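Colleague: return a 3D structure for these sequence lines:
(chains A and B)
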Amino acid sequence: MKKFHFQTPTGIHDVLPEDQEYFRKFLSVAREIVEFYGFKEMEVPILEEAALYEKGTGETTDIVEKQMYTLRTKGGDVLALRPEFTPGIVRAYIQNGMMNLPQPVKLYTQGPLFRYEHPQAGRYRQFHQFDIEVFGETSSAIDAQVIQLFTLILKELKFTHLIVEVNSIGDSSCRPYYKKLLSSFFRSRANSLCQDCKRRLKENPLRILDCKEEKCQQVKSQAPQTIDHLCEECKRHFKSVLEFLDEADIPYHLDPYLVRGLDYYTKTVFEIFSEKPVKKIEEDPSQGETEVVTRSALAGGGRYDTLGKILGGKDIPAMGAAIGIERIVALMKANAANLPKEKPGPQVFLAQLGELPKKKSLKLLEELRQANVQVAESLGRDSLRVQLARADKLGVAYTLILGQKEALEGTIVLRAMDTGKQDIVKMDKVVEETKKRLRKKS
RNA sequence: GCGGGUGUAGCUUAGCGGUUUAAAGCGUCGCUCUGUGGCAGCGAAGAUCGUGGGUUCAAAUCCCAUCACCCGCCCCA
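Modeller: All right, here's what the predicted structure looks like:
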């Protein structure tokens, strides 16, 4: 270690080449599926006006209250590192006049997000999501389809033990009444609530339903449920979503207390969890091993028909969802079956001996690339022995050996690594001959 | 923000009953072998023991603080 010893800030990590393979594998699966269903990729900026999230994500959400990275520019603008995708994409939809495109507009994006939180397993301050959004579609079919797409992606990655939780939290015509109902229910039992929930009672009683404190859980079990208090329209919509899910054979679980941490949702909300039994060895040996189910949220989303208006446009019916890539990668790693397919390494190694051969190497390497032959080299090394050792380690089928003698004669040695058999090939035939032999091999 | 655990070469770890060059395996690089790999042998580089203080004649080891990571809580992806 040097004296200057820099390291990444808390909760922020490098994605090393070996992890990148998993990221790419996931993204290629996800892209293929959503593009088939008509989604177009776009990018939104990592930096946006902080107010976009304050208004969009919501002032009383944890994200805005305590997790957002905000900064002031030299010019005095207050910007924020994006903590989630949706407000930025809605902003882009409005700013770019996408309401004039044929509706629905189906978009997807992917990239880093930032939340200032206490890091933990699968939770980082810089993390990546894959996100899809559909605008201009009121039909419940799209709610179901968004849920379906994410289950398809997870299924394609061979994940099992998945739970889809769904609920409806109503809209502006029924939720205010439900909130009141919930408030008065909890107010009458405020003494049995935890400190946090007493605060939530004033700010946003829906959030109490999220609380994991045991005493709150008990109170909650008798609380009025959203689905019993939906207006006709919301009820019809939700029923229809569930029918679509049934028809599509998507197993789900109705969680009447699922509300999600964001303010802008209307009607349908959902989360997808991975449930994995993990053997845990108790510290007290007499207890032996117990099975603990660890549950982690992989994806979540919902409908947000009013966010357009909140952000200064018109009401835009919309449905979106996001999936946490690091959590997916962690599961892929835990699952040996999900190892990404080994990318084919180089097929050929070019070894050179001496100044002239080395000089001729650059051109030959490029000729091989143009002929679509995966070739590796070690131009910095001079010993043939070391170069062959490298070739061996890379597992190439053939090594081209270009020595002083060959360079002068206009030839090259083509060595088969498995048999050790060597042939002298004319330099102007080498690319062709190499390709021919590689074809024969496969 | 609140609890608990862990920090020794790039990686995995030994050493924690106080003392000299902090040890090993893997990996990296080199040599044996000047133009022929897999094996083997030999060798080298690489750690101010997370950081800063304290106790002591003496600290990787004991104490305090701090940072980072992991595990819970909260929230979520």
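Colleague: count the neighbours of the closest residue to RNA strand B within the stretch 251-400 of chain A for me.
Modeller: Across the stretch 251-400 of chain A, no residue is closer to RNA strand B than residue A:261, which sits at 1.7 Å (C-beta to the nearest atom of the strand). In this view, the C-beta of every residue, glycine as well, is placed from N, C-alpha and C. Neighbourhood size, residue A:261 [other C-beta atoms under 10 Å]: 16.
Colleague: for residue A:202, same thing?
Modeller: There are 10 residues near residue A:202, going by other C-beta under 10 Å.
Colleague: what about the strands in the stretch 151-300 of chain A?
Modeller: A:162-168, A:253-254, A:266-281, A:289-303 (DSSP state E, counting those that start in this stretch).
Colleague: pick the most deeply packed of those.
Modeller: A comparison of those by mean neighbour count, using mean count of other C-beta atoms under 10 Å, puts strand A:162-168 on top with a mean of 21.
Colleague: what pairs with that one, parallel or antiparallel?
Modeller: Its sheet considered, strand A:162-168 pairs with strand A:253-254 (parallel), strand A:266-281 (antiparallel) by DSSP bridges.
Colleague: between those, which gets the lowest average pLDDT?
Modeller: Among the strands paired with strand A:162-168, strand A:266-281 carries the lowest mean pLDDT, at a mean of 75.
Colleague: test my guess that residue A:358 contacts residue A:350.
Modeller: No: in this structure, residue A:358 is not within contact of residue A:350 by C-beta atoms under 8 Å, at 10.2 Å.
Colleague: roughly how far apart are residue A:215 and RNA strand B?
Modeller: 11 Å (C-beta to the nearest atom of the strand, to the nearest Å).
Colleague: once you drop chain neighbours, what's closest to that residue?
Modeller: In this structure, residue A:215 finds its nearest non-sequential neighbour in residue A:192, 5.5 Å apart by C-beta to C-beta, 6 or more residues apart in numbering.
Colleague: and the one you found, what does it touch?
Modeller: Residue A:192 makes contact with A:215, A:216, A:218, A:219, according to C-beta atoms under 8 Å, 6 or more residues apart in numbering.
Colleague: check residue A:167 too.
Modeller: A:226, A:227, A:254, A:255, A:256, A:257, A:258, A:259, A:268, A:269, A:270.
Colleague: which pair in the residues you listed spans the largest distance?
Modeller: The span of the contacts of residue A:167, defined through C-beta to C-beta, is set by A:257 and A:268 at 15.0 Å.
Colleague: wait, what's in contact with the residue of the stretch 251-400 of chain A closest to RNA strand B?
Modeller: Residue A:261 touches A:61, A:62, A:63, A:207, A:210, counting by C-beta under 8 Å, 6+ apart.
Colleague: go on, residue A:178?
Modeller: With contacts defined as C-beta under 8 Å, 6+ apart, residue A:178 is in contact with A:170, A:224, A:226, A:229.
Colleague: look up the closest residue to it, ignoring the ones flanking it.
Modeller: residue A:229 (4.4 Å).
Colleague: how many residues are close by residue A:183?
Modeller: Residues lying near residue A:183 (other C-beta under 10 Å) number 16.
Colleague: for the residue nearest to the spatial centre of chain A, phi and psi?
Modeller: Nearest to the mean C-alpha position of chain A, by C-alpha atoms, centre = their mean, lies residue A:325 at 2.7 Å. Dihedral pair for residue A:325: phi -70, psi -40, per degrees, to the nearest 10.
Colleague: who's in contact with it?
Modeller: A:23, A:26, A:27, A:110, A:127, A:128, A:129, A:130.
Colleague: residue A:143 and RNA strand B: what is the separation?
Modeller: Counting by C-beta to the nearest atom of the strand, the gap from residue A:143 to RNA strand B is 16 Å.
Colleague: pLDDT wise, what is that residue at?
Modeller: Note on residue A:143: pLDDT of 96.
Colleague: from RNA strand B, how far out is residue A:42?
Modeller: Computed as C-beta to the nearest atom of the strand, the residue A:42 to RNA strand B distance reads 19 Å.
Colleague: quick one: contacts for that residue?
Modeller: Applying C-beta under 8 Å, 6+ apart, the residues near residue A:42 are A:89, A:92, A:107, A:108, A:109.
Colleague: hmm, try it at 6 Å
Modeller: A:107, A:109 (C-beta atoms under 6 Å, 6 or more residues apart in numbering).
Colleague: I'd assumed residue A:301 was in contact with residue A:320.
Modeller: Yes: with contact defined as C-beta atoms under 6 Å, residue A:320 and residue A:301 form a contacting pair (5.4 Å).
Colleague: buried set for the helix or strand encompassing residue A:91?
Modeller: Secondary structure from DSSP states H and E places residue A:91 in helix A:86-95. Buried residues in helix A:86-95, counted by 16 or more other C-beta atoms under 10 Å: A:86, A:87, A:88, A:89, A:90, A:91, A:92, A:93, A:94.
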